[in-house]
Each structure stands twice: as structure tokens, then as C-alpha cells.
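Visitor: okay, predicted coordinates and the sequence, questions at the end:
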Amino acid sequence: MSKSTLPKWATISREERFFTSTLFHDMQSNYKPILSNIIQKLVLPIQTEMLDIGYEVCFFRDLTIKGLVERQRAMEKQTFDLMLTLSGEHIVIIEAKAQQGFHSEQMEMLKEAKMLMIASAIWPFKKVHLIALCSSKYRPSKNTQKYFEAFYTWTEISQLYPDNSIIYNRADSIYSDKRKPI
């Protein structure tokens, strides 16, 4: 194999951070497609605005240091793939999966994080929404579905951000793809 025939990382990566990083950058460039879609899915006021977008947010660790939330030692290393701060005291946490589904421990941590945000005496955003982002091939159980207010597939994301549709369609296609090494 010559150097010129080596595949591009975007065509072989299975790392969900690669896919969510691409989405983060697309949203930074133009958040309107995802925002209007979130407004519809969560039935938020039409005038809802995007205030901020975070990637791999270590919410409790970083905001504790700034005095914006009470310390939660058990949650300090908890990260959220994407976190959107919206007007009207809305926080949207997007938890993404590519080659696998959601696990009960992770969903329980998300649920606990949401409850801690709502219960915080100092954190002002009390309307916390959990959204799942996964492959269209994945069929979440009813138990999994109860943790999330909305679901996105990578295919839907490819339609919202067509410039990177090849990347998002790849994220969608690798679910349960367990290729053996050569």
C-alpha cells in the first residue's frame, strides 16, 4: 500500500468523539438547523435562542471551580458529549453513540446529573433536556427510551448538516460493526 492510497481517518474512525466533534464544529458555524429542529422535538418556544454550545463538557468539575454549581465529587469526571445552553433557562445535553448503544449505568448518571442541576441552589438553568444521538440501526429498549426526551439519528444530522453528510452517514453505518483485524 502506497502513501497515496492510505485511507483518510474520516473513512475509518470509529471514535464517537470524532463524529461529535464534527457536529460541534458544524453547530458553531451554523447552529440554526439544529436549533430549529430541537425547538420542534422538545416543543420549546419558537423564539428560543442558542446562547452557547459546549463539547465534551465536564460540567460539575468546571462549574464548581467557578462557583456556579455545588460540588458533586461523584460527578466531577462526568462529561457530556454536547451541551447546549438555550434561552429560557433551558439546557440540552446530547449524549451520542456510534458503534454501540446506551448502557444503563451511563443513563443513570445522566439522570442523576439532570436532577442535581435542577436541585442546585445556585445553578440558574432548571429546564434540563436529555437527547440521544445514535445510529438509525439501533433500536433502544423502552427502558432506554424513558431516559431521553428526544432521539436523533446520525442520518437526521446528515440532513441538517449536509456538508459533512459522509461523516455522519459513516457514524450511522458503523453500529455493531465489529470488523476483525487483518
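Guide: Arrived safely.
Visitor: what residues sit buried inside the helix or strand encompassing residue 115?
Guide: Element membership for residue 115 (DSSP states H and E) is helix 104-119. For helix 104-119, a neighbour-count test (16 or more other C-beta atoms under 10 Å) marks 107, 110, 113, 114, 116, 117 as buried. Quick note: C-beta positions are derived from backbone N, CA and C, even for glycine.
Visitor: from those residues, pick the one nearest residue 18.
Guide: Distance to residue 18 across those (C-beta to C-beta) is lowest for residue 110, with 21.4 Å.
Visitor: from residue 102, how far off is that closest one?
Guide: Distance of residue 110 to residue 102, computed by C-beta to C-beta, to the nearest Å: 9 Å.
Visitor: common neighbours of the two, please.
Guide: Counting by C-beta atoms under 8 Å, 6 or more residues apart in numbering, the residues touching both residue 110 and residue 102 are 95, 147.
Visitor: using the three-state scheme, assign residue 93.
Guide: strand (DSSP: H, G, I helix; E, B strand; the rest coil).
Visitor: equivalent analysis for residue 36, please.
Guide: Here residue 36 is recorded as helix under three-state DSSP.
Visitor: quick one: name whatever helix or strand follows the lowest-mean-pLDDT helix or strand in the chain.
Guide: Within the chain, no helix or strand scores below helix 9-12, which has a mean of 68 by mean pLDDT, DSSP states H and E. Using DSSP H and E, the helix or strand that directly follows helix 9-12 along the chain is helix 16-29.
Visitor: that next one: which residues count as buried?
Guide: 16, 19, 20, 21, 22, 23, 24, 26, 27.
Visitor: and the helix holding residue 115, what other elements does it pack with?
Guide: helix 59-65, strand 90-96, strand 127-134 (3 or more C-beta pairs under 8 Å, 6 or more residues apart in numbering; DSSP states H and E).
Visitor: return the member of these having the minimum mean pLDDT.
Guide: If the helices and strands packed on helix 104-119 are sorted by mean pLDDT, helix 59-65 sits at the bottom with a mean of 93.
Visitor: so the helix or strand following that helix versus strand 90-96, what angle?
Guide: For helix 59-65, the succeeding helix or strand toward the C-terminus, using DSSP H and E, is strand 80-86. Here strand 80-86 points in a direction 160 degrees away from that of strand 90-96 (axes from the mean of the first three to the mean of the last three C-alpha atoms, to 10 degrees).
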